[in-house]
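**Q** I'd like to go over a predicted model; first the sequence, then the structure.
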Amino acid sequence: MKPSGLYERARGVVRRHPAAMTVFGIFVLYMLTRLLFLGRLPVFFDESIYIHWAQQALHDGKLLISLTDGEPPFHVWFMVPFVWAVKNPLVAGRLASVAAGFFTTLGMYLIGRELRDWKLGAWAAFFYVACPFALWYDRIAVIEALLLAVFVFVLYFALRAARSLAFWWIAVVGPALGLALLTKGTSQLLFVIVPFAYLARKEYRGGEGERPLLRWAVTMAGSYLLGFGIYSLIRLSSKFPLLTARTAVATKGLGDVLKHPLDVFFSNLGTIFSTLIVFMTPLLFVAATAGLLLAVYRKWRPSYFLWAWVLLVVLIESLVAKHWMFDTILPRFFLVTLPPLLLGAGYLVSGGIEAALEWRPERTKVMVLVIVLGMILLLAFPFYNDMMIVSDAENAVLPYWERMQYLTDWPSGWGIRESSEFLENEGLRGPVVVGSNIRGIGLPTDGLEMYLLGSNVRVEPFSFAAKEFPARLLAASRKYPTYVVYNSFPGHAMPPRDWPLLLIRKFPKDGNSRMHLYLFRVQSSH
């Protein structure tokens, strides 16, 4: 077949199936942006924990291991097949997030199509793929990528249920809520947002009874009970109280909010807005806000639901979110504000394009040129930052807390992979012992155990605040080659000078001269 014939045939397919071909192109772009250089960024503190838990669930049957740190188990279960199938544990964990983001992209399309048409759905999904905030968490093995996917589908099911009051859609809301609760406590926000799906309901046309609002309220109450019932299954575990204890650490209770309603409110609110502006990029954030405002001006009913979604998350998180270690809310805790904002951007662009082409039909070519230039301006910085995140994250434009956690300070895992490879090679000659300066969970202990699973290396944790060299490591050094992997922590940037350690290599935290990860050999005294 001649090239011109292939072109005409392809053009005909696109014309006959514009929605399918557009969505296919969006998912191709999604996979390219999410899979390239997936393992380049070093392991993050929390990533090492979750991946190691997934390994323990797979190999030791510890399916509720996450409850020991007050985390629900579904994220660990979701990661298990990837850890089983992929040799590199870091890439395996991140592939789970890529898969979750794939479902979020699909959910964005479905919500947009449900609220207006397939064009809104396509634009919303496209903006999700292009948004650096979404890209970052689709490439990191933390809970939020999966939480966002579940969050989006719960609200899609709720929209379908509210707009049709059909039994089948109502029936899936409860199990979806239960799954969300098994993913992360942030999903409790859904119980506040879901009722507002009724605002997106089409005008009443009869056929579902005389009191649709009452029917909606009753069925949602049943869904809530079913969701909590599914979640309550983990109450059978003796470790369940640890989950509620963790919630108290990370969230202000109602009593605290009533006593001190504004103690963290303004700092959290400032972090949320500054992060959205930087991580969405300024023009995309402005387009999202303008789209939601335009939708209200045009009295587009679903916009009330989208505004409720955004405002409820922002207000509630600003009031109650806290962190045991940092003085403000972290970006991943309000990632769930992103979908309604991107739907607003999609509404602005899709509606704007339609209006522009209808306004001056005799000057279609000029309007098309204006639209193309506008889209280039809107997307230039998001795609530039996407390329930097994928290929050179150290030089990407990132909010402070992202750069601090993942690149320049103690939670970042520079050197973990290299140290593990060195130790694994040493273990080929016989048993090896390595000390790791965190006794609980996190880096470097979980990072080493994650990479060294099945090797001839035994990891011996000790406290990051230890002043005396651990006696068991000194004893081990008399029998086996013994090493120490020491991660810098605030106030404990390096081990005491009198410890019997010989430096092999040190890894700076992306140019941070104060924070390193060190690999030492223990000098045995026979």
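**A** On my side now, so go ahead.
**Q** residues in contact with the closest residue to Ser463 other than its chain neighbours?
**A** In space, and not counting its chain neighbours, Ser463 is closest to Arg439: 5.0 Å by Cβ to Cβ, 6 or more residues apart in numbering. C-betas here are computed from N, CA, C, even on glycine. Residues near Arg439 by Cβ atoms under 8 Å, 6 or more residues apart in numbering: Thr445, Pro461, Phe462, Ser463, Phe464.
**Q** Leu348 too?
**A** Ala287, Ala288, Ala290, Gly291, Leu294.
**Q** Of the contacts of Arg439, which belong to helices?
**A** Among those, the members falling in helices (DSSP state H) are Thr445.
**Q** quick one on the thing from earlier: quick one: secondary structure of the residue nearest to Ser463?
**A** At Arg439 the chain is in coil, as set by DSSP: H, G, I helix; E, B strand; the rest coil.
**Q** Next, it: phi, psi?
**A** Note on Arg439: backbone dihedrals following degrees, to the nearest 10 are phi -80, psi -30.
**Q** ok, now how distant is it from Val433?
**A** The spacing between Arg439 and Val433, counted by Cβ to Cβ, to the nearest Å, is 16 Å.
**Q** Repeat that for Gly222.
**A** In terms of Cβ to Cβ, Gly222 sits 56 Å off from Val433.
**Q** between the two, who's got more neighbours?
**A** Val433 (22 against 14; other Cβ atoms under 10 Å).
**Q** what are the phi and psi values for the more buried one?
**A** Torsion angles, degrees, to the nearest 10, at Val433: phi -120, psi 140.
**Q** Contact partners for it?
**A** Contact analysis of Val433 by Cβ under 8 Å, 6+ apart lists Val457, Arg458, Glu460, Leu473, Ala476, Ser477, Tyr480, Pro481, Thr482, Tyr483.
**Q** mind running it again at 7 Å?
**A** Neighbour list for Val433: Arg458, Glu460, Leu473, Ala476, Tyr480, Thr482 [criterion: Cβ atoms under 7 Å, 6 or more residues apart in numbering].
**Q** next one: Leu448
**A** Ile416, Ser420, Val434, Ser436, Val459, Val485 are the contacts of Leu448 under Cβ under 7 Å, 6+ apart.
**Q** Now with 8 Å, please.
**A** Counted by Cβ under 8 Å, 6+ apart, Leu448 has contacts Ile416, Ser419, Ser420, Leu423, Val434, Ser436, Val457, Val459, Val485.
**Q** Between all of the residues you listed, which two are separated the most?
**A** Maximum pairwise distance in the contacts of Leu448, criterion Cβ to Cβ, is 13.3 Å, between Ile416 and Val457.
**Q** State the distance from Arg246 to Lys184.
**A** If you go by Cβ to Cβ, the gap between Arg246 and Lys184 works out to 11 Å.
**Q** Actually, Ser232.
**A** Ser232 is 16 Å from Lys184, by Cβ to Cβ.
**Q** Likewise for Val23?
**A** 28 Å.
**Q** Would you map the helices across the stretch 201-350 of the chain?
**A** Ranges of helices within the stretch 201-350 of the chain are 212-231, 240-250, 254-259, 265-280, 282-297, 302-320, 338-359, based on DSSP state H, counting those that start in this stretch.
**Q** The first one - what's its average pLDDT?
**A** Along helix 212-231, the predicted local confidence has a mean pLDDT of 92.
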